[in-house]
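In: Attaching a predicted model along with its sequence, questions to come.
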Number of protein chains: 2
Amino acid sequence: MEATISYITLGVSDLKRAVEFYQKVLGLKTKGIIGEEFNDGAVAFFKVNTDLTLALWPRESLARQCGVPLGSPNSSGLLLAHNVGSTEKVDQVIASALKAGATLTKEAAEFPWGGYGGVFMDLDGHLWEVVFNPNSSSNT
Amino acid sequence: MEATISYITLGVSDLKRAVEFYQKVLGLKTKGIIGEEFNDGAVAFFKVNTDLTLALWPRESLARQCGVPLGSPNSSGLLLAHNVGSTEKVDQVIASALKAGATLTKEAAEFPWGGYGGVFMDLDGHLWEVVFNPNSSSNT
C-alpha cells in the first residue's frame, strides 16, 4: 500500500524545546534542527513510521508559508495516537511527557473495548493519546 | 519499523460532509460513519498508509473525550502532506478539493528543491499540502 500521508507537520512556538520534548518523551530520533539558513526553513524531522515523518516547524513559518493567519493554538482539532506495548509503557510515556512540560487532559484508564490509554497535551496544545491495544499485532 | 503514530484524528464540525469530502478529494475508502449508537462514538476511519488510519471525529466529541475546551478551528498548528505521482495530479487533487468546498491558501508552484505542490484548507481549517516529489520512490 502506498502512503497517502507522508508528513505530519506540527506548528510549535519554541522549536528547540519541542525537539527536546519529542526526543525525550517518544524516544524519537532526529538529526535536530536543520535549514536555519533559509527563511522559514528551520525544521526538525522524526521518522515515525516506515513511510511517515513527523515534522516540527515554528507556527509562524507554517502560517506564513501556507498562507493562513497565525492564530492561537487550539486543541479540539487534532488527536494523534501513539501505540505502545503495555499498560506500564502507557504510564511511563505519560509520566515522561508530564515531566517534560506536557499537561494531562485525560487520566490513563481502561477502555470499554479492552485497551488502556490516556491523553496528554504537548507544549503547543497538540493532543496525544498513548494507547496499549492488547489486540494489536503492531505493539512495540 | 513499528508504527509510532497509528491514528491521525481530525476534529470536524459536520461529520457526514467531511466524510464525503475525503472520499471525493483524496479518493479514500471508508465503511462510512460507525459508532453512532454510542455517546461520542460516531466516527469514520480511512486507512491511509499501511500502518496509519485517518479518523474524522466531531470536534465536540474530541474535546469532551480528551478533556479539553472546545475552541475555534485554527490552521497554524497542523499541516498534512499528501504525496501524489505527478504535477498534473497535484492540480487535479487541488481542483477537486476546491470544488468540494475547500479553500486554496497557497497556489501550486514549483519548490526550490524541484518538487511541485500547493496547499488547501479543508472544511474545518485543516491544512493539506498536495505534493509531487520527483525524487521520491513512493509516488503513486
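Out: Nice, thanks for sending it over. Numbering: from 1, shown residues only, chains lettered A, B, ... in the order given.

In: Quick check: A:E129 is in a strand.
Out: Yes - judged by DSSP: H, G, I helix; E, B strand; the rest coil, A:E129 forms part of a strand.

In: Pop the domain breakdown of chain A in here.
Out: A:7-66, A:79-132 (automatic domain parsing).

In: Correct me if wrong: A:V130 contacts A:V93.
Out: Yes - assessed by Cβ atoms under 8 Å, A:V130 is found in contact with A:V93 at 4.8 Å. To be clear about C-beta, it is placed using only N, CA and C from the backbone, and glycine gets the same treatment.

In: okay, those two: which has more neighbours?
Out: Neighbours were counted for A:V130 and for A:V93 using other Cβ atoms under 10 Å in any protein chain shown; A:V130 has more, 25 against 22.

In: Which pLDDT does the model give the more buried one?
Out: Here the pLDDT value assigned to A:V130 is 96.

In: in the sheet, who's paired with it?
Out: A:H82, A:G118 (DSSP bridges).

In: In contact with it, which residues are there?
Out: A:H82, A:V84, A:V90, A:V93, A:I94, A:A97, A:A108, A:G117, A:G118, A:V119, A:F120 (Cβ atoms under 8 Å, 6 or more residues apart in numbering or on different chains).

In: if you set the cut-off to 10 Å instead, what comes out?
Out: A:25-26, A:80-84, A:89-94, A:96-97, A:108, A:116-120 (Cβ atoms under 10 Å, 6 or more residues apart in numbering or on different chains).

In: again, but for A:V131
Out: By Cβ under 10 Å, 6+ apart, the neighbours of A:V131 are A:81-84, A:87, A:90, A:93, A:108, A:111, A:115-119, A:139, B:6-7.

In: mind listing what the nearest residue to A:T4 once chain neighbours are set aside touches?
Out: Closest residue in space to A:T4, ignoring its immediate chain neighbours: B:V48 at 3.9 Å, by Cβ to Cβ, 6 or more residues apart in numbering or on different chains. With contact taken as Cβ under 10 Å, 6+ apart, B:V48 is in contact with A:1-6, A:52, B:7-8, B:22, B:26, B:28-29, B:54-55, B:80, B:82.

In: In strands, which of the residues you listed appear?
Out: A:I5, A:S6, A:L52, B:Y7, B:I8, B:L54, B:A55, B:L80, B:H82 (DSSP state E).

In: Select from these the one having the most neighbours.
Out: A:L52 (24 neighbours).

In: low-confidence ranges in chain A?
Out: A:1-2, A:137-140 (pLDDT under 70).

In: how about the strands in it?
Out: Going by DSSP E, chain A shows strands at A:5-12, A:33-34, A:43-49, A:52-58, A:78-84, A:103-110, A:116-121, A:127-132.
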